[in-house]
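**Student:** below is the structure, and that's it, no one-letter string:
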């Protein structure tokens with residue numbers, strides 16, 4: 001019999017909130033976290049894009065000076081979110097079997113600030129001035145390693161790296177670890193801190209970023225006919241997964257069930273999605289099949305919806321193919337409109353929001369949708385919206401460069 005996997009703890013460190021409750025509350029209000037960048041490097045490098053969605057608070061407000069010095073910003077965000085999720089779960093650290101406690105924490109880019117600052121130090125000041133902790137800080141598994149060290153997870157510490165699908169793949173990995181009996185508890189999530197001149201210059205060069213520099217709060221416009229690219233965001237999301245029996249044995253508060261996951265690849269193009277959404281369709285169908293879900297069970301989707309001219313349409317096509325005419329009855333949220341695109345952290349943060357949507361029976365808002373693209377006739381959440389009572393299912397979609405597709409299905413919990 002397949003072990004049921006449940007969600008018992010949530011943490012978030014985002015552009016619209018430094019914790020999960022604040023992020024959730026602001027997602028229902030339609031708060032924008034996008035701002036004009038004031039960093040000196042914007043002018044120094046004459047970047048064509050000068051807006052981004054930075055974390056809502058400094059990491060230094062939550063970490064010690066020693067921790068700040070020894071962690072790349074991406075790892076700082078991961079530890080903050082994981083500590084919140086762990087506390088929220090109510091698990092007694094001393095009472096669990098740490099050999100059956102695992103971590104799967106993702107990133108899309110990793111410690112880019114540490115890497116490039118280290119390179120600058122080497123060129124300008126020589127090898128003796130490069131910090132000895134540079135490699136542990138820049139490595140992509142840094143967030144997973146730091147979370148496992150901080151919480152004492154000895155089962156395994158894994159790091160999915162699949163661009164913007166990374167955080168959702170971590171969810172899928174945690175699901176399988178528990179189902180296969182290899183762990184009772186898994187902290188999953190994703191972290192990213194790539195608001196740095198080099199990646200921003202690269203994304204801008206490929207025409208992926210919005211250039212609405214004079215209207216930062218209106219720049220991220222999923223599904224709008226005038227969308228012109230995504231907005232860079234940063235932060236982390238963390239979720240505590242447990243087997244149902246483990247959670248019930250300790251009397252845990254259960255938010256929802258992680259019912260299924262689907263992972264596929266397009267094998268189409270390194271940056272562009274399959275224009276027909278074929279890989280995304282297979283991921284959606286796989287997630288539903290994995291959870292024993294039929295299309296009419298689905299009431300809500302937190303879409304990938306980056307706000308790029310070429311990305312939003314194939315996702316609609318995939319949803320239409322996978323859900324059929326029932327898609328007309330499904331409420332769709334595009335929360336990147338509020339917090340930008342957190343790259344490898346986006347799927348984790350959006351899974352936090354999807355879990356809370358199922359738990360509270362409310363859907364987060366999509367902002368800046370003023371003139372909906374007729375090629376994307378979705379039922380988009382643009383005003384406060386309640387989800388139905390009874391057993392419901394919500395899907396969270398994540399798609400990344402390289403053709404990575406990941407979808408998770410989150411179901412309201414019943415014993």
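**Tutor:** Great, that's in hand. Fair warning: this is a prediction, and the values are worked out from it, not measured in the lab.
**Student:** what packs against the helix ranked longest in the chain?
**Tutor:** Using DSSP state H, we find that the single longest helix of the chain is helix 73-89. Of the remaining helices and strands, those touching helix 73-89 by 3 or more Cβ pairs under 8 Å, 6 or more residues apart in numbering; DSSP states H and E are strand 5-13, helix 20-29, helix 65-70, helix 112-125, helix 142-151, strand 185-192, strand 235-243. To be clear about C-beta, it is placed using only N, CA and C from the backbone, and glycine gets the same treatment.
**Student:** so what's the residue count around the nearest residue to residue 207 once chain neighbours are set aside?
**Tutor:** Using Cβ to Cβ, 6 or more residues apart in numbering and skipping residues adjacent in sequence, the residue nearest residue 207 is residue 229, 6.8 Å away. Neighbours of residue 229 under the rule other Cβ atoms under 10 Å: 23.
**Student:** ok, residue 229 touching residue 209?
**Tutor:** Yes - contact criterion Cβ atoms under 8 Å: residue 229 and residue 209 qualify, at 4.6 Å.
**Student:** where does residue 2 land on pLDDT?
**Tutor:** pLDDT for residue 2: 79.
**Student:** and for the one 3 residues further on?
**Tutor:** Residue-level confidence at residue 5 comes out at 98, pLDDT.
**Student:** distance of it from residue 346?
**Tutor:** Look at residue 5 and residue 346: by Cβ to Cβ, to the nearest Å, they are 21 Å apart.
**Student:** list the contacts for the residue nearest to residue 207?
**Tutor:** Applying Cβ atoms under 8 Å, 6 or more residues apart in numbering, we find residue 229 in contact with 207-211, 307-309.
**Student:** what do you get for residue 114?
**Tutor:** 72, 134, 137-138.
**Student:** would you convert those into JSON lines that also reports distance to residue 61, secondary structure and pLDDT?
**Tutor:** As requested, the contacts of residue 114 are arranged in JSON lines below (distance: Cβ to Cβ, whole Å; DSSP: H, G, I helix; E, B strand; the rest coil; pLDDT from 0 to 100):
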{"residue": "72", "distance to residue 61": "17", "secondary structure": "coil", "pLDDT": "98"}
{"residue": "134", "distance to residue 61": "25", "secondary structure": "helix", "pLDDT": "96"}
{"residue": "137", "distance to residue 61": "20", "secondary structure": "helix", "pLDDT": "97"}
{"residue": "138", "distance to residue 61": "24", "secondary structure": "helix", "pLDDT": "97"}
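**Student:** what's the spacing between residue 159 and residue 74?
**Tutor:** 11 Å.
**Student:** between these two, which is the more surrounded one?
**Tutor:** Per other Cβ under 10 Å, whichever of residue 159 and residue 74 has more neighbours is residue 74, with 33 against 23.
**Student:** so that one sits against residue 195, correct?
**Tutor:** No - counting by Cβ under 8 Å, residue 74 does not reach residue 195; the two are 10.9 Å apart.
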